[in-house]
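>>> Provided below for reference: sequence and predicted model.
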Amino acid sequence: MTKLTDDICFGWLAEEGNPTFWHWCSALEGVPEDRKVYGGCWVAAGTSAHTLVSREPLHLEPSLLWRCCGTHGFVRDGAWIPA
Ligand SMILES: [Zn+2]
């Protein structure tokens, strides 16, 4: 697992060519613990619809947008760039 920010990290699952992202979802804050799929507010999302421009450093296009909480940004040169 590689950490991009305090709230966003990614990892490589064996069966996926593109990385899977986890973000700390502010939309889940306040949701009872037993209603959550993962511990805390972490939400997983694949990037199979994205183009993997570079694996190392990580570069994906276009930008990533998680509609659950509106987190939106680019991953370029292995860094998260808020959009
Ligand atoms: Zn979210």
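Sure thing, it's come through.
>>> pull the CA atoms of stretch 7-16 into CSV?
Listed in CSV are the C-alpha atoms of stretch 7-16, where the atom choice follows Å, rounded to 0.1, in the frame of the first residue of the first chain:
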residue,chain,number,x,y,z
ASP,A,7,-6.7,10.4,3.2
ILE,A,8,-5.7,8.6,0.0
CYS,A,9,-3.6,5.5,-0.7
PHE,A,10,-3.4,2.8,-3.4
GLY,A,11,-2.3,-0.7,-3.8
TRP,A,12,-1.9,-3.3,-6.6
LEU,A,13,-4.3,-6.2,-6.5
ALA,A,14,-3.1,-9.4,-8.2
GLU,A,15,-6.0,-9.6,-10.6
GLU,A,16,-6.1,-6.0,-11.6
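>>> What residues sit buried inside that stretch?
For stretch 7-16, the neighbour count (16 or more other Cβ atoms under 10 Å) marks Asp7, Ile8, Cys9, Phe10 as buried. (C-beta placed from N, C-alpha, C; glycine too.)
>>> How much space separates the second one from Gly78?
This points to Ile8. Look at Ile8 and Gly78: by Cβ to Cβ, to the nearest Å, they are 12 Å apart.
>>> now the third one
Per Cβ to Cβ, Cys9 is found 12 Å from Gly78.
>>> again, but for Cys25
22 Å.
>>> And the two? Which one has more around it.
A direct count of neighbours by other Cβ atoms under 10 Å for Cys25 and Gly78 places Cys25 higher, at 21 against 13.
>>> Find the residues that touch each one of Cys9 and Gly78.
Overlap of the contact sets of Cys9 and Gly78 (by Cβ atoms under 8 Å, 6 or more residues apart in numbering) consists of Thr2.
>>> got any ranges where this protein has weak pLDDT?
Along the chain, segments meeting pLDDT under 70 span 35-39.
>>> The ion contacts on that one?
Residues of the chain lying close to the ion (Cβ under 5 Å from the ion) are Cys25, Trp66, Cys68, Cys69.
>>> List only buried entries from those.
Among those, those classed as buried by 16+ other Cβ under 10 Å are Cys25, Trp66, Cys69.
>>> Show the contacting residues for the residue positioned nearest the centre of the chain.
Nearest to the geometric centre of the chain sits Phe21, at 2.9 Å (Cα atoms, centre = their mean). Residues near Phe21 by Cβ under 8 Å, 6+ apart: Ile8, Cys9, Phe10, Ala44, Ala45, Gly46, Thr47, Leu64.
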